[in-house]
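In: Okay, structure incoming, though there's no sequence with it:
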């Protein structure tokens, strides 16, 4: 517990920035109209593509005995890939709604 308190006190400003970023992100995303969802999803896909590339680079430069860096890099690649694929699926479904249906 003492180690956790020391970590929190050393990184207090960063933790506050992350908490405020999460709250601001939730507020912004909840107020986005449905019309803007597809362009925002495309932007999120691009950002997560950069995250995937960054995670692969970090994993490539990590020493082979640093299991924490390799594990976090692998988790980042998997979650980033899931987010990109999910974003494309959602974007595709939304674009299908705007196509004219054949009678």
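Out: On my side now, so go ahead. Since we're looking at a predicted model, the values are computed, not measured.
In: Kindly state the pLDDT recorded for residue 42?
Out: Residue 42 carries a pLDDT score of 69 in this model.
In: Mean confidence (pLDDT) on stretch 19-35, please.
Out: Stretch 19-35 carries an average pLDDT of 84.
In: Just the buried positions in it, please.
Out: Neighbour counts using 16 or more other CB atoms under 10 Å place no residue of stretch 19-35 among the buried ones. From N, CA and C alone the C-beta is placed, and that goes for glycine too.
In: how many other residues sit next to the closest residue to residue 62 other than its chain neighbours?
Out: Excluding its sequence neighbours, the residue lying closest to residue 62 (CB to CB, 6 or more residues apart in numbering) is residue 69, at 3.9 Å. Neighbour count for residue 69, taken as other CB atoms under 10 Å: 14.
In: Show me the longest helix that occurs in the chain.
Out: Across the chain, the helix with the greatest residue count (assigned by DSSP state H) is helix 67-97.
In: Centre of the chain to that one, how far?
Out: Centroid displacement of helix 67-97 relative to its chain, using CA atoms, centre = their mean, to the nearest Å, is 8 Å.
In: so what does that helix touch, helix or strand wise?
Out: Under the contact criterion of 3 or more CB pairs under 8 Å, 6 or more residues apart in numbering; DSSP states H and E, helix 67-97 touches helix 37-61.
In: Now tell me what touches stretch 73-87 from outside.
Out: Stretch 73-87 is touched from outside by 41-42, 44-45, 48-49, 51-52, 54-56, 58-59, 62, with contacts defined as CB atoms under 8 Å, 6 or more residues apart in numbering.
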